[in-house]
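Peer 1: Based on what follows, work out the 3D shape:
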Amino acid sequence: ILVGGPNANSLVQELVEDNQTMAGSEYTDGQGMIQMVDGFSEGNQALVVAGYSGEDTRAAAEFLADYRNNEESLEGQSEVTISTSSNSVVSN
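Peer 2: Take a look at the predicted model:
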């Protein structure tokens, strides 16, 4: 599990360089993202929890931590974008 976008987490920056996740300039203010990507070696995956700001990252992490109530929105998705203000999914 990697927390923070490419500007805050060097491992996420490595995934950006490998075209596995989005660059910092692609994040939207007021949104957090939960994304499952291919990891750093074959057969491994990484879960990226990030946002435009620290508040947006926290909102995404809290949404993931509340899996019991958000299972329907997360199940089977490789990427989910969360609105920080409403704590709801804006796209998946």
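Peer 1: what's the weakest-modelled helix or strand in the protein?
Peer 2: Least confident helix or strand, the chain: strand 88-91 with a mean of 86, by mean pLDDT, DSSP states H and E.
Peer 1: didn't residue 7 look like it was pressed against residue 23?
Peer 2: No - between residue 7 and residue 23 there is no contact under CB atoms under 8 Å: 9.2 Å. C-betas here are computed from N, CA, C, even on glycine.
Peer 1: so how far is residue 68 from the closest residue to residue 9 other than its chain neighbours?
Peer 2: In space, residue 9 comes closest to residue 2 once its chain neighbours are excluded; the distance is 5.7 Å by CB to CB, 6 or more residues apart in numbering. The gap separating residue 2 from residue 68 is 23 Å, by CB to CB, to the nearest Å.
Peer 1: Those two - which one has more neighbours?
Peer 2: Taking neighbours as other CB atoms under 10 Å, residue 2 and residue 68 compare with residue 2 leading, 21 against 6.
Peer 1: which SSE is the closest residue in space to residue 56 that isn't next to it in sequence in?
Peer 2: If the residues on either side of it in the chain are set aside, residue 56 comes closest to residue 32, at 4.3 Å by CB to CB, 6+ apart. Counting by DSSP states H and E, the element that carries residue 32 is strand 31-38.
Peer 1: can you give me the helices in this protein?
Peer 2: Secondary structure of the chain (DSSP state H): helices at 10-17, 54-65, 67-74.
Peer 1: Pull the contacting residues for residue 4.
Peer 2: 12, 49, 50, 57 (CB atoms under 8 Å, 6 or more residues apart in numbering).
Peer 1: I'd like to know how many residues surround the third one.
Peer 2: This points to residue 50. Neighbour count for residue 50, taken as other CB under 10 Å: 26.
Peer 1: isn't it right next to residue 12, touching?
Peer 2: Yes - using CB under 8 Å, residue 50 is in contact with residue 12, at 6.5 Å.
Peer 1: so what sits against both of these two?
Peer 2: 2, 4, 5, 6, 21.
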